[in-house]
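Visitor: Kindly return the folded structure for what I paste below:
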Amino acid sequence: MEANNGEGKSCICCLVDDGSVESHRYYLARRTVLEMLRDRGYDIPDSEIDCSLQEFRSTYGQKPDLERIRVSASLLSDPSQKILVVFCGTDKINVRIARGIRNQITGKEELSWPTRVILILQSEILPQARKEVEQFPCKVEFFQITDLLINITKHVLKPKHEILTPEEKEKILNKYSLEDKQMPRMLQSDAIARYYGLEKGQVVKVIYSGEITGSHVTYRCVV
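Guide: Model prediction:
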(Lines give C-alpha, C1' and ligand atoms only; values in the text may rest on other atoms or scores of the structure.)
Protein backbone atom coordinates (compact mmCIF):
# COMPACT_ATOMS: atom_id res chain seq x y z
CA MET A 1 0.00 0.00 0.00
CA GLU A 2 1.45 3.33 -1.05
CA ALA A 3 1.46 6.34 1.23
CA ASN A 4 -0.05 9.66 0.21
CA ASN A 5 1.73 10.79 -2.95
CA GLY A 6 0.29 14.27 -3.05
CA GLU A 7 -2.46 13.40 -5.52
CA GLY A 8 -5.24 13.20 -2.94
CA LYS A 9 -4.75 9.49 -2.23
CA SER A 10 -4.30 8.77 1.47
CA CYS A 11 -2.84 5.73 3.15
CA ILE A 12 -5.35 3.27 4.58
CA CYS A 13 -3.47 3.61 7.88
CA CYS A 14 -5.34 6.87 8.50
CA LEU A 15 -8.55 4.83 8.77
CA VAL A 16 -7.20 2.54 11.48
CA ASP A 17 -8.34 3.28 15.03
CA ASP A 18 -5.17 3.23 17.13
CA GLY A 19 -7.03 3.90 20.38
CA SER A 20 -8.22 1.33 22.92
CA VAL A 21 -11.18 -0.93 22.24
CA GLU A 22 -12.32 -0.21 25.79
CA SER A 23 -12.67 3.53 25.21
CA HIS A 24 -14.41 2.93 21.89
CA ARG A 25 -17.01 0.67 23.51
CA TYR A 26 -17.73 3.18 26.27
CA TYR A 27 -17.98 5.98 23.73
CA LEU A 28 -20.53 4.13 21.58
CA ALA A 29 -22.60 2.92 24.55
CA ARG A 30 -22.62 6.34 26.20
CA ARG A 31 -23.68 8.06 22.98
CA THR A 32 -26.59 5.62 22.58
CA VAL A 33 -27.56 6.23 26.22
CA LEU A 34 -27.60 9.98 25.64
CA GLU A 35 -29.76 9.56 22.53
CA MET A 36 -32.06 7.23 24.45
CA LEU A 37 -32.49 9.71 27.29
CA ARG A 38 -33.24 12.54 24.88
CA ASP A 39 -35.85 10.36 23.16
CA ARG A 40 -37.41 9.79 26.59
CA GLY A 41 -37.72 13.54 27.10
CA TYR A 42 -34.67 14.23 29.26
CA ASP A 43 -32.59 17.38 28.95
CA ILE A 44 -29.49 16.29 27.02
CA PRO A 45 -27.29 18.97 25.40
CA ASP A 46 -26.39 18.65 21.71
CA SER A 47 -22.72 18.96 22.64
CA GLU A 48 -22.90 15.70 24.62
CA ILE A 49 -24.42 13.69 21.76
CA ASP A 50 -22.25 15.31 19.08
CA CYS A 51 -19.02 14.58 20.98
CA SER A 52 -16.58 12.74 18.69
CA LEU A 53 -14.57 9.67 19.65
CA GLN A 54 -11.40 11.77 19.69
CA GLU A 55 -13.02 14.34 21.99
CA PHE A 56 -14.31 11.56 24.26
CA ARG A 57 -10.82 10.09 24.56
CA SER A 58 -9.31 13.50 25.14
CA THR A 59 -11.72 14.06 28.04
CA TYR A 60 -11.89 10.59 29.60
CA GLY A 61 -8.73 8.85 28.37
CA GLN A 62 -8.12 5.42 26.86
CA LYS A 63 -9.31 3.72 30.07
CA PRO A 64 -12.25 5.85 31.21
CA ASP A 65 -13.05 6.18 34.90
CA LEU A 66 -16.55 4.71 35.15
CA GLU A 67 -17.69 7.31 37.67
CA ARG A 68 -16.71 10.13 35.32
CA ILE A 69 -18.72 8.82 32.37
CA ARG A 70 -21.94 8.52 34.37
CA VAL A 71 -24.90 10.42 33.00
CA SER A 72 -27.36 12.42 35.09
CA ALA A 73 -30.32 14.25 33.59
CA SER A 74 -33.74 15.73 34.38
CA LEU A 75 -37.00 15.52 32.46
CA LEU A 76 -37.70 18.64 30.44
CA SER A 77 -41.39 18.44 31.37
CA ASP A 78 -40.68 17.92 35.09
CA PRO A 79 -37.14 18.72 36.32
CA SER A 80 -37.87 17.00 39.64
CA GLN A 81 -37.84 13.68 37.75
CA LYS A 82 -34.18 12.73 37.50
CA ILE A 83 -32.36 9.75 36.02
CA LEU A 84 -28.85 8.45 36.67
CA VAL A 85 -26.94 6.08 34.36
CA VAL A 86 -24.20 4.03 36.02
CA PHE A 87 -21.61 2.08 34.06
CA CYS A 88 -20.60 -1.09 35.90
CA GLY A 89 -17.23 -2.82 35.62
CA THR A 90 -16.41 -6.14 33.98
CA ASP A 91 -16.78 -8.24 37.16
CA LYS A 92 -19.96 -10.16 37.90
CA ILE A 93 -22.31 -8.03 39.98
CA ASN A 94 -22.53 -9.62 43.42
CA VAL A 95 -24.15 -8.32 46.61
CA ARG A 96 -21.01 -6.45 47.68
CA ILE A 97 -20.78 -4.61 44.35
CA ALA A 98 -24.52 -3.89 44.37
CA ARG A 99 -24.25 -2.33 47.82
CA GLY A 100 -21.23 -0.37 46.65
CA ILE A 101 -23.24 1.05 43.75
CA ARG A 102 -25.98 2.03 46.19
CA ASN A 103 -23.51 3.83 48.45
CA GLN A 104 -21.83 5.58 45.51
CA ILE A 105 -25.09 7.01 44.28
CA THR A 106 -26.22 8.88 47.38
CA GLY A 107 -24.74 7.27 50.43
CA LYS A 108 -27.36 7.12 53.16
CA GLU A 109 -29.49 10.04 51.98
CA GLU A 110 -32.36 8.31 50.20
CA LEU A 111 -34.26 11.60 49.81
CA SER A 112 -31.73 12.67 47.19
CA TRP A 113 -32.10 9.53 45.09
CA PRO A 114 -33.00 9.94 41.39
CA THR A 115 -36.38 8.72 40.19
CA ARG A 116 -34.75 6.14 37.94
CA VAL A 117 -31.38 4.44 37.69
CA ILE A 118 -30.01 2.62 34.65
CA LEU A 119 -27.22 0.13 35.25
CA ILE A 120 -25.04 -0.65 32.22
CA LEU A 121 -23.67 -4.16 32.74
CA GLN A 122 -20.65 -5.82 31.21
CA SER A 123 -21.20 -9.16 32.93
CA GLU A 124 -24.07 -10.98 34.63
CA ILE A 125 -25.78 -9.81 37.78
CA LEU A 126 -26.11 -12.59 40.34
CA PRO A 127 -29.59 -13.41 41.74
CA GLN A 128 -28.85 -12.15 45.26
CA ALA A 129 -27.39 -8.94 43.85
CA ARG A 130 -30.52 -8.42 41.76
CA LYS A 131 -32.62 -8.76 44.92
CA GLU A 132 -30.37 -6.16 46.56
CA VAL A 133 -30.89 -3.78 43.66
CA GLU A 134 -34.65 -4.30 43.83
CA GLN A 135 -34.49 -2.68 47.28
CA PHE A 136 -33.20 0.60 45.82
CA PRO A 137 -35.75 3.38 46.53
CA CYS A 138 -36.27 4.01 42.79
CA LYS A 139 -36.96 2.16 39.56
CA VAL A 140 -33.87 0.38 38.21
CA GLU A 141 -33.34 -0.71 34.60
CA PHE A 142 -30.61 -3.02 33.29
CA PHE A 143 -28.86 -2.91 29.92
CA GLN A 144 -25.92 -4.93 28.66
CA ILE A 145 -23.28 -2.67 27.16
CA THR A 146 -23.27 -4.79 23.99
CA ASP A 147 -26.93 -3.86 23.45
CA LEU A 148 -26.00 -0.18 23.36
CA LEU A 149 -23.16 -0.19 20.84
CA ILE A 150 -25.71 0.79 18.19
CA ASN A 151 -28.99 2.68 18.46
CA ILE A 152 -31.67 0.21 17.36
CA THR A 153 -34.15 2.99 16.58
CA LYS A 154 -31.86 4.20 13.79
CA HIS A 155 -31.85 0.87 11.92
CA VAL A 156 -33.22 1.35 8.40
CA LEU A 157 -35.59 -1.61 8.79
CA LYS A 158 -37.09 -0.39 12.05
CA PRO A 159 -40.45 1.40 11.74
CA LYS A 160 -40.89 4.74 13.46
CA HIS A 161 -42.31 4.62 16.97
CA GLU A 162 -44.19 7.43 18.71
CA ILE A 163 -45.26 7.23 22.36
CA LEU A 164 -48.81 8.43 22.89
CA THR A 165 -49.77 10.63 25.80
CA PRO A 166 -52.62 9.40 28.04
CA GLU A 167 -54.95 11.84 26.25
CA GLU A 168 -53.91 10.58 22.81
CA LYS A 169 -54.35 6.99 23.97
CA GLU A 170 -57.86 7.74 25.19
CA LYS A 171 -58.78 9.28 21.83
CA ILE A 172 -57.61 6.17 19.97
CA LEU A 173 -59.52 3.84 22.29
CA ASN A 174 -62.68 5.93 21.87
CA LYS A 175 -62.25 6.25 18.11
CA TYR A 176 -62.10 2.49 17.58
CA SER A 177 -64.28 1.53 20.58
CA LEU A 178 -61.47 -0.55 22.08
CA GLU A 179 -60.17 -1.54 25.48
CA ASP A 180 -56.48 -1.97 26.29
CA LYS A 181 -56.73 -5.77 26.14
CA GLN A 182 -58.16 -5.64 22.61
CA MET A 183 -55.17 -3.80 21.14
CA PRO A 184 -52.13 -5.48 19.55
CA ARG A 185 -49.52 -6.04 22.23
CA MET A 186 -45.92 -5.07 22.81
CA LEU A 187 -44.09 -6.86 25.61
CA GLN A 188 -42.41 -4.67 28.20
CA SER A 189 -39.27 -6.72 27.51
CA ASP A 190 -39.33 -5.72 23.82
CA ALA A 191 -36.18 -3.86 22.78
CA ILE A 192 -38.15 -0.78 21.72
CA ALA A 193 -40.17 -0.76 24.96
CA ARG A 194 -36.95 -0.99 26.95
CA TYR A 195 -35.30 1.77 24.90
CA TYR A 196 -38.12 4.19 25.70
CA GLY A 197 -38.56 2.91 29.27
CA LEU A 198 -42.23 2.17 28.67
CA GLU A 199 -44.59 1.06 31.40
CA LYS A 200 -47.49 -1.37 31.13
CA GLY A 201 -50.57 0.25 29.65
CA GLN A 202 -48.73 2.79 27.51
CA VAL A 203 -49.58 2.83 23.81
CA VAL A 204 -47.11 3.14 20.95
CA LYS A 205 -47.95 4.37 17.46
CA VAL A 206 -45.94 2.33 14.95
CA ILE A 207 -45.46 3.91 11.52
CA TYR A 208 -44.37 1.60 8.70
CA SER A 209 -43.02 2.94 5.44
CA GLY A 210 -41.55 0.89 2.61
CA GLU A 211 -41.59 0.48 -1.15
CA ILE A 212 -43.17 -2.98 -0.92
CA THR A 213 -45.49 -2.65 2.09
CA GLY A 214 -46.34 1.00 1.58
CA SER A 215 -47.16 3.29 4.49
CA HIS A 216 -49.48 2.24 7.28
CA VAL A 217 -49.96 2.79 11.01
CA THR A 218 -50.69 0.41 13.86
CA TYR A 219 -50.98 0.86 17.62
CA ARG A 220 -49.56 -1.43 20.29
CA CYS A 221 -50.26 -1.52 24.00
CA VAL A 222 -47.40 -2.40 26.34
CA VAL A 223 -48.10 -5.44 28.52
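Visitor: Just the buried residues of the lowest-mean-pLDDT helix or strand in the chain, please?
Guide: Least confident helix or strand, the chain: helix 95-106 with a mean of 90, by mean pLDDT, DSSP states H and E. Using 16 or more other C-beta atoms under 10 Å as the test for burial, helix 95-106 gives 97-98, 101-102, 105-106. Any C-beta I mention is one placed from the backbone N, CA and C, and that applies to glycine too.
Visitor: Closest one of those residues to residue 136?
Guide: Distance to residue 136 across the buried residues of helix 95-106 (C-beta to C-beta) is lowest for residue 102, with 6.3 Å.
Visitor: so what's the residue nearest the centre of the chain up against?
Guide: Residue closest to the average C-alpha location in the chain (C-alpha atoms, centre = their mean): residue 33, at 3.8 Å. Neighbouring residues of residue 33 by C-beta atoms under 8 Å, 6 or more residues apart in numbering: 71, 85, 118, 120, 148.
Visitor: Mind doing that once more with 7 Å?
Guide: Taking C-beta atoms under 7 Å, 6 or more residues apart in numbering, we find residue 33 in contact with 71, 85, 148.
Visitor: low pLDDT regions in this structure?
Guide: By pLDDT under 70, the weakly predicted segments of the chain are 1-16, 106-111, 212-213.
Visitor: Spell out which residues make up each domain of it.
Guide: 14-149, 153-222 (automatic domain parsing).
Visitor: winner for burial among these?
Guide: Ranked by mean neighbour count under mean count of other C-beta atoms under 10 Å, the domains of the chain are led by domain 14-149, which reaches a mean of 15.
Visitor: Spell out, range by range, the strands that occur in the protein.
Guide: Here the chain has its strands, by DSSP state E, at 71-74, 82-87, 116-121, 139-144, 160-163, 185-186, 203-208, 216-222.
Visitor: Can you spell out which helices and strands pack onto the fourth one?
Guide: What that stands for is strand 139-144. Packed against strand 139-144, as judged by 3 or more C-beta pairs under 7 Å, 6 or more residues apart in numbering; DSSP states H and E, are the following elements: strand 116-121.
Visitor: How far off centre is the strand it packs on?
Guide: Distance, stretch centre to chain centre, for strand 116-121: 9 Å (C-alpha atoms, centre = their mean, to the nearest Å).
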